[in-house]
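K.L.:
with the input below, show me the fold.
(chains A and B)
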2 protein chains.
Amino acid sequence: MISKAQIKYIQSLQHKKYRQKFGQFVAEGDKIVQELLQGTYGVKAVYATKTWLEAQAPMIQRSIEVLEVDEAVLKQLSSLSTPNQAVALVDIPPAPQPLLQGHITLALEAIRDPGNMGTIIRIADWFGVRQIICTPDCVDAYNAKTIQATMGSIMRVPVIETDLVALLKTPGQVASYAATLHGNNIANTKKLQEGIILIGNESRGLSEEVIALSTHQITIPRIGQAESLNAAVATGIICGRLLI
Amino acid sequence: MISKAQIKYIQSLQHKKYRQKFGQFVAEGDKIVQELLQGTYGVKAVYATKTWLEAQAPMIQRSIEVLEVDEAVLKQLSSLSTPNQAVALVDIPPAPQPLLQGHITLALEAIRDPGNMGTIIRIADWFGVRQIICTPDCVDAYNAKTIQATMGSIMRVPVIETDLVALLKTPGQVASYAATLHGNNIANTKKLQEGIILIGNESRGLSEEVIALSTHQITIPRIGQAESLNAAVATGIICGRLLI
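P.N.:
Below is the predicted model:
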């Protein structure tokens, strides 16, 4: 049986502060837990309904703690409103050093919406982007909503918290492409083999400092009248122009 | 003062059935209500806090009923979880006939998520697409969540419920481009001047019948490993390739 202390511990991981302190996060939902069990992430424990465990038992390694819980307990463990069959306790993998030379990197400044963050990680995974850099004021990639929105891509694309300004100031840095409102039309930009694509906050866009440090400014031309595009959609459109 | 009957009527408009019966919808939130008051949509009534009404009074025409309500009442009127300062009761405009010749049309089959639907309407507005066609099993465009996600674009892009199969079967129809997993790479598709871009359901994609009736099949090439892309993101990427 699950103890009150375990429930309390898992609930504490809804907060970034405790995720960082203990180096673990909680993944919620049937599909993502299944994917995690098949991947190389360090799953420490699975809390799931009897039905779910019976069906998934062959996939669960012996080293993983397995606890059968009822739906009322799952509700307590969960931070999402959709009902779950399974929740996993997972080690946060160590963040690698960003490898900029010869690679495409997505760099995010102050992305605040967990859904956008997750969708951007999924887009990166689709277009083969191997790393995302984010400023410390971005929403945490191990937030439950973000994890859910990545649809499993969190396991393949590391999100590395970095001082973006310092990184762009590094001498000999690779080219960088800032998404702005008054740059070059992305339809006239060639396919990239290397470089940093810079995406800014949902309402303010990129900071002036980051734009000034970028080597190129790019823009999705507006033909109609919408005031703006969603940050994740804009990221998708830019990747669809620069990476394929 | 707002009557119980008015509250009940507005709450009934959370359901598509009653929106269709009465030909009205409810827009929630400061920004969208302001935009509606500046546009050409038929706003019938505004229910808002004292502070909001004082600030916006010069924008509100005399023909519009204005009722000051407190935040507790606004909460009753609202179907969204975010607290609002204002709610508007608006006439649903008559759907125009789709004009396919010489135009770009976005056609949606079984889009179920209100956020995706709203985001797609916003994308259409950004790229100057003047009309969206949707199958009857799409989520209603006048759903409160959809309205919110359009960020005002609902006023500029009509969403026309249509029998898509019958439309595609019409002799002499314009070219149509079905988003599928095994079509031509969108990076090799020319900019369109006319045609129907077909987008399918979030998990199933387009139906075989619609794909068979389309004149072209197009694909966003996958370089990495993500299983799929979000439907709104995919729409953005395709528009970013075919319309600019």
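
K.L.:
residues from chain A in reach of chain B?
P.N.:
Within chain A, the positions lying close to chain B (CB under 8 Å from any CB of the partner chain) are A:119, A:122-129, A:151-153, A:156-157, A:185-187, A:220-230, A:232-234, A:236-241, A:243-244. In this view, the C-beta of every residue, glycine as well, is placed from N, C-alpha and C.

K.L.:
buried ones in stretch A:182-200?
P.N.:
Neighbour counts over stretch A:182-200 (16 or more other CB atoms under 10 Å in any protein chain shown) mark A:183, A:186, A:189, A:192, A:195-200 as buried.

K.L.:
could you do stretch A:77-97 as well?
P.N.:
A:77-79, A:84-90, A:92.

K.L.:
would JSON lines of the residues you listed with pLDDT, secondary structure and distance to residue A:62 be doable?
P.N.:
What follows is those, written out as JSON lines (pLDDT from 0 to 100; DSSP: H, G, I helix; E, B strand; the rest coil; distance: CB to CB, whole Å):
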{"residue": "A:77", "pLDDT": "92", "secondary structure": "helix", "distance to residue A:62": "23"}
{"residue": "A:78", "pLDDT": "90", "secondary structure": "coil", "distance to residue A:62": "26"}
{"residue": "A:79", "pLDDT": "87", "secondary structure": "coil", "distance to residue A:62": "29"}
{"residue": "A:84", "pLDDT": "84", "secondary structure": "coil", "distance to residue A:62": "24"}
{"residue": "A:85", "pLDDT": "91", "secondary structure": "coil", "distance to residue A:62": "22"}
{"residue": "A:86", "pLDDT": "93", "secondary structure": "strand", "distance to residue A:62": "18"}
{"residue": "A:87", "pLDDT": "94", "secondary structure": "strand", "distance to residue A:62": "20"}
{"residue": "A:88", "pLDDT": "94", "secondary structure": "strand", "distance to residue A:62": "16"}
{"residue": "A:89", "pLDDT": "96", "secondary structure": "strand", "distance to residue A:62": "16"}
{"residue": "A:90", "pLDDT": "95", "secondary structure": "strand", "distance to residue A:62": "17"}
{"residue": "A:92", "pLDDT": "94", "secondary structure": "coil", "distance to residue A:62": "23"}
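
K.L.:
most widely separated two among the residues you listed?
P.N.:
Largest separation among the buried residues of stretch A:77-97 by CB to CB: A:85 and A:92, giving 23.3 Å.

K.L.:
show the end-to-end separation of stretch A:182-189, please.
P.N.:
Across its full length, stretch A:182-189 reaches 14 Å between end residues, using CA to CA, to the nearest Å.

K.L.:
that stretch - what's its average pLDDT?
P.N.:
For stretch A:182-189, the mean per-residue pLDDT is 96.

K.L.:
try stretch A:24-35
P.N.:
The model assigns stretch A:24-35 a mean pLDDT of 91.

K.L.:
which residues are in contact with that stretch?
P.N.:
A:10, A:13-14, A:19, A:36, A:44, A:46, A:48, A:52, A:56, A:59, A:77-80, A:82, A:84-92, A:142, A:144, A:147-148, A:151-152, A:155 (CB atoms under 8 Å, 6 or more residues apart in numbering or on different chains).

K.L.:
6 Å - rerun?
P.N.:
Under the criterion CB atoms under 6 Å, 6 or more residues apart in numbering or on different chains, residues A:10, A:13, A:19, A:36, A:78, A:80, A:84-92, A:142, A:144, A:147, A:152 lie in contact with stretch A:24-35.

K.L.:
domains in chain A, by residue range?
P.N.:
A:4-91, A:104-242 (automatic domain parsing).

K.L.:
where does pLDDT dip in chain A?
P.N.:
Within chain A, no stretch has pLDDT under 70.

K.L.:
filter the residues of chain A next to chain B to the buried ones?
P.N.:
A:119, A:122-129, A:151-153, A:156-157, A:186, A:220, A:222, A:224, A:226, A:229-230, A:232-234, A:236-241, A:243-244.

K.L.:
show me the longest strand that occurs in chain A.
P.N.:
When chain A is parsed with DSSP state E, its longest strand is strand A:176-185.

K.L.:
for it, which helices and strands make contact with it?
P.N.:
strand A:195-199, strand A:216-219 (3 or more CB pairs under 6 Å, 6 or more residues apart in numbering or on different chains; DSSP states H and E).

K.L.:
what angle do that strand and strand A:195-199 make?
P.N.:
For strand A:176-185 against strand A:195-199, the angle by axes from the mean of the first three to the mean of the last three CA atoms, to 10 degrees is 70 degrees.

K.L.:
neighbouring strands - and their directions - for strand A:176-185?
P.N.:
strand A:195-199 (parallel), strand A:216-219 (parallel) (DSSP bridges).

K.L.:
list the contacts of the last one.
P.N.:
Put plainly, it is strand A:216-219. Residues contacting strand A:216-219 (CB under 6 Å, 6+ apart): A:177-178, A:180, A:183-184, A:186, A:189.

K.L.:
and that strand, what's buried?
P.N.:
Of the residues in strand A:216-219, A:216-219 count as buried by neighbour count, 16+ other CB under 10 Å.

K.L.:
stretch A:203-212 too?
P.N.:
Those buried within stretch A:203-212 under the rule 16+ other CB under 10 Å are A:205-207, A:210-211.

K.L.:
and those as JSON lines, adding secondary structure and distance to residue A:32?
P.N.:
Formatted as JSON lines, the buried residues of stretch A:203-212 follow (DSSP: H, G, I helix; E, B strand; the rest coil; distance: CB to CB, whole Å):
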{"residue": "A:205", "secondary structure": "strand", "distance to residue A:32": "31"}
{"residue": "A:206", "secondary structure": "coil", "distance to residue A:32": "31"}
{"residue": "A:207", "secondary structure": "coil", "distance to residue A:32": "33"}
{"residue": "A:210", "secondary structure": "helix", "distance to residue A:32": "32"}
{"residue": "A:211", "secondary structure": "helix", "distance to residue A:32": "35"}
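
K.L.:
quick check, nearest of the residues you listed to residue B:105?
P.N.:
For those, the minimum distance to residue B:105 (CB to CB) is 30.4 Å, reached by residue A:205.

K.L.:
in space, what's closest to that closest one - neighbours in sequence excluded?
P.N.:
residue A:180 (6.7 Å; CB to CB, 6 or more residues apart in numbering or on different chains).

K.L.:
quick one: the one you found from residue A:109, how far?
P.N.:
According to CB to CB, to the nearest Å, residue A:180 stands 12 Å off from residue A:109.

K.L.:
which one of these two is surrounded by more residues?
P.N.:
residue A:109 (23 against 19; other CB atoms under 10 Å in any protein chain shown).

K.L.:
so who does the more buried one touch?
P.N.:
Here residue A:109 is in contact with A:135, A:200, A:206, A:210 (CB under 6 Å, 6+ apart).

K.L.:
pretty sure the second one contacts residue A:206?
P.N.:
Yes - the pair residue A:200 / residue A:206 is scored as a contact, 3.3 Å apart, by CB atoms under 6 Å.
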